[in-house]
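S.K.: Here is my input; please provide its structure:
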Amino acid sequence: MPTISQRQYDQDSPTFRGPRALSTPTVAPAGADTPATLDVSVVIPTYNRGARVRDAVQKCLALRPAPREILIVDDHSDDGSEQDLRSLAVGTVKYIRLPDNQGQASARSIGLASSLGKYLVSIDDDSWLLDADALQRIWRRLDALPRCGLLALRGFSPGLPIEPPCDQLMLVADHITCGAAYRADVLHKIGYHLPFLRYEGEEADISLKMLAAGYDIVQDDSIRFFHDYDPDRRSADTLRRVRRFAVRNDLLRCWIYFPMDLAIALSAWRFVSHLLWGMRTRMIATTFAGYLDAVRMWPGALRVRRPISRAAALRYLKLRRRPQPLAYERS
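M.R.: Numbers count the residues shown, from 1 in each chain. Predicted coordinates:
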C-alpha cells in the first residue's frame with residue numbers, strides 16, 4: 001500500500017481522498033455458517049516497537065473468522081524496525097509508513113481512513129482481542145444496534161484478573177482506542193482524531209463527534225481485549241510525559257469542543273481536579289507543566305475550535321458521570 005500523508009484526509013469533510021475510493025466489493029456478512037473472513041479491518045499504529053507488532057499481527061491472524069485486512073501504521077520508526085515491519089505485509093496484512101513522525105493520533109487516523117472494511121477495529125501494538133470469535137461478536141453486535149457508531153470493548157491489563165464475558169451493554173461517553181470497533185461509514189463521515197492534540201486522550205475527539213452526530217457509544221462487556229500496559233514497567237520520565245500531555249489535552253479539549261460557557265466552567269473544574277490529583281500523587285510539577293503547555297497552545301486550540309451542540313455536550317457530561325444500561329433483545 002502506498003504511503004499516505006496527513007494531508008490526504010480532511011478532518012472537516014466526510015470525503016476521503018485516499019485509498020478508500022478504490023474499495024473493492026464488501027465481503028458477505030456472517031450467515032448460518034461461519035465465514036472464513038469478515039468485512040472488518042484491524043488498525044495497529046506503532047512506533048519503535050517492531051517485536052510487539054509482530055506478536056499483535058499473529059494474534060489477529062489467529063482470529064476466526066479472520067479480518068479482511070490488518071493495517072500496520074508505522075509512525076516513522078527510527079529504531080531499525082522498518083524492514084522487519086515491511087516483511088509482515090503479506091496477504092491481508094498491509095503496511096503504511098508515515099513520511100515523518102506525526103504522533104499516535106495522526107497515525108491511527110490515517111490507518112482508519114485507509115481501511116476498506118465495513119467495520120473497523122482499533123488496537124495498539126501491545127493489545128489484542130481475547131476471544132477467537134471476537135470479530136464475529138463485533139459484527140453481530142453492530143448489526144443489531146444500528147444507532148451504535150462506536151463499540152467500546154471490555155479491557156483487562158496486567159495485575160487484573162481476566163473475567164469471563166459478561167452479557168451487559170452500557171451507554172457511555174468515552175472509549176479507549178486500544179480496544180474499540182467503529183462503524184466505518186459513520187467514522188468516515190464525522191472525521192478522525194484531531195492531529196493538533198497529537199498524543200494522549202485523543203480518543204475523546206471521536207467520542208464527542210460521535211455523540212454530536214447522534215450516534216451511541218456502547219460499552220460491550222461480552223467482547224474482551226487485553227492491554228499489556230503496566231505503569232511499573234514504564235520509566236518515570238515516560239509517566240511524567242504521559243501525565244503532562246493528559247493534563248494539557250484535557251484542558252484544550254474543553255475549548256475546542258464545548259460551547260463557550262461550558263468551556264469556561266469545565267476547564268476551571270478540570271484545572272482544580274488535575275491540581276488535586278497532582279498533589280495526591282506528588283506530580284504537581286508535571287501538572288503545572290501541562291498547564292503551561294495548555295496556555296501556550298490555547299491560541300491554536302481556538303483556531304481549530306469546532307464546538308458541538310449544547311445537547312450533545314450535556315449528554316457527554318451526563319454519561320461521563322453516570323453510564324446508562326442499554327436494554328436490548330438477547331438472542
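S.K.: Distance check, the spatially closest residue to residue 291 that is not a sequence neighbour against residue 240.
M.R.: Ranked by CB to CB, 6 or more residues apart in numbering and with sequence neighbours excluded, the top spatial neighbour of residue 291 is residue 247, at 6.7 Å. (Each C-beta comes from the backbone N, C-alpha and C, glycine too.) Residue 247 is 11 Å from residue 240, where distance means CB to CB, to the nearest Å.
S.K.: Repeat that for residue 119.
M.R.: 37 Å.
S.K.: Please identify which of these two sits among more neighbours.
M.R.: residue 119 (26 against 17; other CB atoms under 10 Å).
S.K.: Touching, the more buried one and residue 136? I think so.
M.R.: No. With contact defined as CB atoms under 8 Å, residue 119 does not count as touching residue 136 (11.2 Å).
S.K.: what residues are shared contacts of those two?
M.R.: residue 38 (CB atoms under 8 Å, 6 or more residues apart in numbering).
S.K.: Is residue 298 located within a helix, as I assumed?
M.R.: Yes. Counting by DSSP: H, G, I helix; E, B strand; the rest coil, residue 298 falls inside a helix.
S.K.: Low-confidence regions, the stretch 151-300 of the chain specifically.
M.R.: The stretch 151-300 of the chain contains no residues with pLDDT under 70.
S.K.: the helices in it, which residues?
M.R.: Per DSSP state H, counting those that start in this stretch, the stretch 151-300 of the chain carries helices over the ranges 184-190, 203-212, 236-257, 260-280, 284-303.
S.K.: angle of the last one against helix 236-257?
M.R.: Counting by axes from the mean of the first three to the mean of the last three CA atoms, to 10 degrees, helix 284-303 points 30 degrees away from the direction of helix 236-257.
S.K.: What of the second one?
M.R.: Regarding helix 203-212 and helix 236-257, their directions subtend 30 degrees when assessed with the same axes, to 10 degrees.
S.K.: Can you list the strands that the longest strand along the chain pairs with?
M.R.: The residue-count maximum for a strand in the chain (DSSP state E) belongs to strand 216-227. Here strand 216-227 has these sheet partners by DSSP bridges: strand 127-129 (antiparallel), strand 148-156 (parallel), strand 169-171 (antiparallel).
S.K.: I figured residue 245 hits residue 202, correct?
M.R.: No. Here residue 245 does not reach residue 202: they are 9.6 Å apart, not a contact under CB under 8 Å.
S.K.: What segments of the stretch 51-200 of the chain are strands?
M.R.: 66-74, 93-97, 119-123, 127-129, 148-156, 169-171, 179-183 (DSSP state E, counting those that start in this stretch).
S.K.: Next, format those strands as a markdown table and append distance to residue 299.
M.R.: Shown next, in a markdown table, are the strands of the stretch 51-200 of the chain (distance: least, CB to CB, whole Å):
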| stretch | distance to residue 299 |
| --- | --- |
| strand 66-74 | 30 |
| strand 93-97 | 32 |
| strand 119-123 | 31 |
| strand 127-129 | 35 |
| strand 148-156 | 31 |
| strand 169-171 | 35 |
| strand 179-183 | 31 |
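S.K.: can you tell me which residue is nearest the centre of the chain?
M.R.: residue 177 (2.6 Å; CA atoms, centre = their mean).
S.K.: separation between that residue and residue 203?
M.R.: Taking CB to CB, one finds residue 177 at 5 Å from residue 203.
S.K.: Quick one: residues contacting residue 61.
M.R.: So residue 61 contacts 70, 92, 93 (CB under 8 Å, 6+ apart).
S.K.: what number of residues lie near the first one?
M.R.: To tie it back to what came earlier, the one meant is residue 70. Neighbours around residue 70, by other CB under 10 Å: 26.
S.K.: same question, the second one
M.R.: A count of neighbours around residue 92, defined by other CB under 10 Å, yields 17.
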